[in-house]
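Visitor: Fold the following for me, if possible:
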Amino acid sequence: MLTLTSVYITVVMVILVYMTARFVLALHLKNNSIADIGWGAGFVIATWAAWLQSDHDIIPTLALIMAILWGLSLHILQRNAGKAEDWRYEKWRREWGQWFVLRSYLQVFVLQGILLCIIASPAIWLQTADMTRLSWLSVLGISLWLTGFGFEAVADYQLKTFLTAKRIMTKYVTWAYGNTVGTQTTSAKPSSGGGCISLQYP
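Guide: Modelled structure (predicted):
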């Protein structure tokens, strides 16, 4: 008989292997930001591992689909991909010294794996829940998830648009007084004298 405990043990083991593999990759690349980049995909893997043990009914399958959509959105929107190591990890690399490897594994990768399993608990629990058909409570839960996912998608799009516009503006905006902003990521605020901003196009 499928129990939540047995499913959870399997998920924990799978996530441990997943995070360990990412740790080895981080050592090879000398970049612990790999942990953040793999955060979203971890939810997909955790829920998938639980779903494989379920009866594949409608509720477990819907939970898997929602986890996949949310996890992939986190993965796709991860802004550290292809960049140098995050400054926080660089700071720890210097501070931890000879204990860097062990502390990286335990305090970055294993800790993230633990948090991942805790946050994914609702999706994991639904794989063992005795629900074979949709109820009004299921519809309510799906509606709330769609609302939250929609808000998150709009917010991510607005943030991406803002950052893109900011890069363009900071590259081509100059003060009327003749001070070029250049490529600095500073916000432009007129002085008390009412300085104006002019756009210069390439």
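Visitor: Sketch out the low-pLDDT regions of this protein for me.
Guide: Along the chain, the model assigns pLDDT under 70 to residues 1, 75-82, 132, 166-202.
Visitor: The same query, at a cut-off of 80, please.
Guide: Across the chain, residues meeting the criterion (pLDDT under 80) sit at 1-2, 73-84, 86, 129-138, 149, 151-160, 162-202.
Visitor: center of it, which residue is that?
Guide: L74 (3.9 Å; CA atoms, centre = their mean).
Visitor: pretty sure that one contacts G40?
Guide: Yes: counting by CB atoms under 8 Å, L74 sits close enough to G40 to count as a contact (2.8 Å). C-beta coordinates here come from the backbone N, C-alpha and C atoms, glycine included.
Visitor: where do the strands sit along this protein?
Guide: Assigned strands in the chain, in chain order: 173-175, 197-199 (criterion: DSSP state E).
Visitor: by contact count, what packs against the longest helix anywhere in the chain?
Guide: Looking across the chain with DSSP state H, the single longest helix is helix 136-172. Judged by 3 or more CB pairs under 8 Å, 6 or more residues apart in numbering; DSSP states H and E, helix 136-172 is in contact with helix 58-76.
Visitor: which ones are touching A129?
Guide: The contact partners of A129, taken as CB atoms under 8 Å, 6 or more residues apart in numbering, are I59, P60.
Visitor: repeat for T10
Guide: Listed by CB under 8 Å, 6+ apart, the contact set of T10 reads A49, A50, Q53.
Visitor: Run a quick neighbour tally on the residue lying closest to the second one once chain neighbours are set aside.
Guide: Closest residue to A50 apart from its sequence neighbours, by CB to CB, 6 or more residues apart in numbering: Q127 at 4.1 Å. Look at Q127: counted by other CB atoms under 10 Å, it has 27 neighbours.
Visitor: so how far is F149 from Q127?
Guide: 20 Å (CB to CB, to the nearest Å).
Visitor: can you check G40 too?
Guide: 13 Å.
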